[in-house]
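>>> Fold the following.
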Amino acid sequence: MEFKKFINKKVGIGFNKKMGIGFNKKSQHEIIGFVMIVVIVSVIGLIFLGFSITQGGGIGNSAEISNLLEASMYSTTNCSTTFIPEYKSNQDLIKEVYKNPSKPCLDGRSVSEALEISLDTIFKLGLDVSSEGVNKAYKLGIYANNYTDEILVKEEGVFGNCSSIIGGSHTILATTIGSDNIDVGLEVCR
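Numbers count the residues shown, from 1 in each chain. Just a heads-up that it's a prediction; the model follows:
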């Protein structure tokens, strides 16, 4: 019995008649309190993590948007500047607009008008922009000379109340146009 009293006083372990050696009530309360604190801190951490993921700090790169933008560059338009059926891709029209925006297509439209209509159709169908939908708005910017010369800027929808903004980019290299690179960027408000 001396051993039981020693264990009880010095170590804090009480002797339970039914189960043998067990923790006294004070130790049980401390352990339960510690577990509660760990659970509360974990829940708060998960809440903050969820907010940081949905809010985002800036524009996140999206494979989906980058792929849509890349595909749109190689999509064939209904504009030909030389002879039919040699229709230009959107990327070719961007080069033409950069060199001479008033150059006409064979159907009488300017290459800049044909480019704007073509890209507008692709992004309206590909992104399905609406205030109630997943994609609230998009912004397309095409620039040359390190973003100093604006070739085309197009916006659809309202960039307000975005839970996140994702985007993608495409570069038309200078070797294909003979001067500076042309940078194409697409941002989508979700």
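>>> For stretch 170-184, measure first residue to last.
One end of stretch 170-184 sits 5 Å from the other (CA to CA, to the nearest Å).
>>> Point me to the helix or strand that includes the most centrally placed residue in the chain.
For the chain, Ile166 is the residue whose C-alpha lies nearest the centre (CA atoms, centre = their mean; 2.7 Å). Per DSSP states H and E, Ile166 falls inside strand 165-172.
>>> where exactly do the strands run in the protein?
Applying DSSP state E to the chain gives strands spanning 13-16, 20-23, 59-61, 137-144, 149-157, 165-172, 182-189.
>>> Now do the fourth one: which elements does it pack against?
The one in question is strand 137-144. Applying 3 or more CB pairs under 8 Å, 6 or more residues apart in numbering; DSSP states H and E, one finds that strand 137-144 makes contact with helix 111-127, strand 149-157, strand 182-189. (C-beta placed from N, C-alpha, C; glycine too.)
>>> circling back: give the buried residues for the strand holding Ile166.
Buried positions in strand 165-172, judged by neighbour count with 16 or more other CB atoms under 10 Å: 165-170, 172.
>>> Output the below-cut-off pLDDT ranges for this structure.
Counting by pLDDT under 70, the chain contains low-confidence residues at 1-24, 51-60, 174-179.
>>> what domains does the record give for it?
2-55, 59-189 (automatic domain parsing).
>>> Deepest-packed of those, please.
Mean neighbours per residue, mean count of other CB atoms under 10 Å, is largest over the domains of the chain for domain 59-189, with a mean of 16.
>>> I'd like the distance from it to the chain centre, please.
Distance, stretch centre to chain centre, for domain 59-189: 18 Å (CA atoms, centre = their mean, to the nearest Å).
>>> what about Ser102, distance to Ser89?
As judged by CB to CB, to the nearest Å, Ser102 and Ser89 stand 20 Å apart.
>>> That should have said Leu173, apologies.
15 Å.
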